[in-house]
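Chemist: Give me a model of this one.
(one chain, ligands or ions: 1)
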Amino acid sequence: MPNVSKVLIVGGGIGGLALSIGLRRAGIDVEIAEIKRQWTVYHVGIIAQSNLVRAMVSLGIADDCVAAGFPYQGLRFCDANGNVMNETPGMKLAGPNYPAFLGLTRPALHDVLFAASKKAGAQLHLGVSVAELRQSESDVAVRFTDGSAREYDLVVGGDGVHSQLRTMLFGDHLQPRFTGEGVWRYNVPRRHFDDLILGLEMDLTGARYRTFEDLAVYCYRVAGAIGLISIEVFGYRNPCARDYAVNLGIALQLVNILRDIQSDARRGRIYLPEEDLERFGVRPDELRAGERSDAFIELMQFECDRARSYFDQARRMLAFEDRRSMVAAEIMAAIYWRLLGAIRQRGYNVLGERVRLSRPLKFWIALAVYLGWDWRSSAAEAPPEGERVRRG
Ligand SMILES: Cc1cc2nc3c(=O)[nH]c(=O)nc-3n(C[C@H](O)[C@H](O)[C@H](O)COP(=O)(O)OP(=O)(O)OC[C@H]3O[C@@H](n4cnc5c(N)ncnc54)[C@H](O)[C@@H]3O)c2cc1C
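Modeler: Residues are numbered from 1 along each chain as shown. Below is the predicted model of the structure:
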């Protein structure tokens, strides 16, 4: 581009920022006009194929991108048992020192591109766009939405699929058409899935739990981790939502364990900590046989109180601003809280017929929570008639 020494790029996305780095490397003055007021990017991931990795190398950002992402060499397809059915190795187009593929979160790629563009000397203007363009023999005169005006040798439209610049230049008949395909994507920390798998493995080996601390690890993995995954999808503003998710997950899992105590015991699974059984004098074979002794009722009373304390902690951790986005979790909380109340109302007798809530009741609970009802004000708070007060 011998006659080009000053370029305006409209849009600071992947294309605009990458172009700015390349132009600066060629010694050309670059300005970027980005309509967003902050350098943020929609928070999902991107896969860099080998040709993109090669482009990263030529822009001098490949090392930073690799450090910020997850390099991999190919694709492997497995069946449900983990047996490899097919492998597709990638091509190392960027040379032996770089991976064939690179997975990156969008914010990570954006940070690398933004830092490299700035370091290369591009001028970045936030919160502005082009209001008017006038092309002459010698240059392009641009008036910006903030009232300023400047001339450039070249203006590049990098303002995305719904480009306003394209409409300004070519009219609105060149618009993208919706194909009918939609995508929802979320970034969820991988460790939550790893924890979940570890928890499921504990079930496979029929693990027994010596103390409540041991059982809490299991509950965290199989239920707290699901809560942590779910809130990334629901969305939250207050970081306390993570404590809410973990405490609620443990509370729900404890209710599950208490409700299914006998059926689980018959399948060889006793989740209640051994130290609790010993303390209250309940033998595992009594659980299998469904023997309802005073000791068993006292044990149940103790475990229900423990579950209740996790509901309490969860409730305290839910910030007002996140109550709406957590409505699905709150519906679960309300249903399980009611289930805990039903166990209590039965005098803690979970042996024999399974404690359950009717579908219409679950429906009404869900509707009430959706309309803003505070589930903590309901059943489980009220002690049943003749509740035993002795504690083990
Ligand atoms: C669900 C999904 C998954 C994808 N996965 C991959 C993948 O795995 N690998 C891959 O290589 N590609 C992937 N893509 C494609 C990739 O995201 C796009 O090719 C890329 O984002 C295009 O970059 P861009 O800079 O042209 O546009 P964008 O990234 O959309 O950037 C446009 C920028 O212009 C700004 N802007 C908009 N209007 C104006 C205006 N009037 N004035 C000033 N600024 C403005 C915007 O705020 C934005 O910053 C995916 C796309 C989608 C939708």
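Chemist: going forward, measure contacts between C-alpha atoms and count neighbours the same way
Modeler: OK.
Chemist: any chance you could map the strands in the protein?
Modeler: Here the chain has its strands, by DSSP state E, at 6-10, 29-34, 45-48, 70-72, 74-78, 84-89, 101-105, 123-126, 130-135, 140-144, 149-152, 154-157.
Chemist: Could you report the neighbour count for A329?
Modeler: 19 (other Cα atoms under 10 Å).
Chemist: Check D285 too.
Modeler: 12.
Chemist: again, but for the one 4 residues further on
Modeler: A count of neighbours around A289, defined by other Cα under 10 Å, yields 14.
Chemist: Can you give the domain ranges for this structure?
Modeler: Here the domain assignment for the chain is 6-170, 190-381, based on automatic domain parsing.
Chemist: Distance to V183 added to those domains, as a markdown table?
Modeler: Converted to a markdown table, the domains of the chain look like this (distance: least, Cα to Cα, whole Å):
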| stretch | distance to V183 |
| --- | --- |
| domain 6-170 | 11 |
| domain 190-381 | 13 |
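Chemist: among those domains, which is nearest the ligand?
Modeler: domain 6-170 (3.3 Å; Cα to the nearest ligand atom).
Chemist: hmm, back to that, what would the strands of the chain look like in CSV with mean pLDDT?
Modeler: Compiled in CSV, these are given as follows (pLDDT from 0 to 100):
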stretch, mean pLDDT
strand 6-10, 98
strand 29-34, 98
strand 45-48, 92
strand 70-72, 94
strand 74-78, 91
strand 84-89, 92
strand 101-105, 94
strand 123-126, 96
strand 130-135, 95
strand 140-144, 97
strand 149-152, 97
strand 154-157, 96
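Chemist: Now distance to the ligand too, for the domains of the chain, in JSON lines please.
Modeler: Output for the domains of the chain, formatted as JSON lines (distance: least, Cα to the nearest ligand atom, whole Å):
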{"stretch": "domain 6-170", "distance to the ligand": "3"}
{"stretch": "domain 190-381", "distance to the ligand": "16"}
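Chemist: Please report the distance of G11 from L126.
Modeler: Distance from G11 to L126, counting by Cα to Cα, to the nearest Å: 10 Å.
Chemist: So those two - more neighbours on which side?
Modeler: Between G11 and L126, counted using other Cα under 10 Å, the more crowded position is G11 (26 against 16).
Chemist: list the contacts for L174?
Modeler: By Cα atoms under 8 Å, 6 or more residues apart in numbering, the residues touching L174 are R166, T167.
Chemist: what about the stretch 51-200 of the chain, any weak spots by pLDDT?
Modeler: Scanning the stretch 51-200 of the chain for pLDDT under 70 picks out no residues.
Chemist: which stretches of it form helices?
Modeler: 62-68, 106-120, 164-170, 190-204 (DSSP state H, counting those that start in this stretch).
Chemist: for the first one, packing partners?
Modeler: What it means is helix 62-68. Helices and strands touching helix 62-68, by 3 or more Cα pairs under 8 Å, 6 or more residues apart in numbering; DSSP states H and E, are helix 50-59, strand 101-105, helix 106-120.
Chemist: Return the set of buried residues in the lengthiest helix in the chain.
Modeler: When the chain is parsed with DSSP state H, its longest helix is helix 294-317. Residues of helix 294-317 classed as buried: 295-304, 307-308, 310-315, 317 (neighbour count, 16 or more other Cα atoms under 10 Å).
Chemist: Now tell me what touches that helix from outside.
Modeler: Counting by Cα under 8 Å, 6+ apart, 240-241, 243-248, 250-252, 254-255, 258, 276-277, 280-282, 333, 337, 340, 344, 347-349, 388, 390-392 sit against helix 294-317.
Chemist: Next step: those restricted to helices.
Modeler: 240-241, 243-248, 250-252, 254-255, 258, 276-277, 280, 333, 337, 340, 344.
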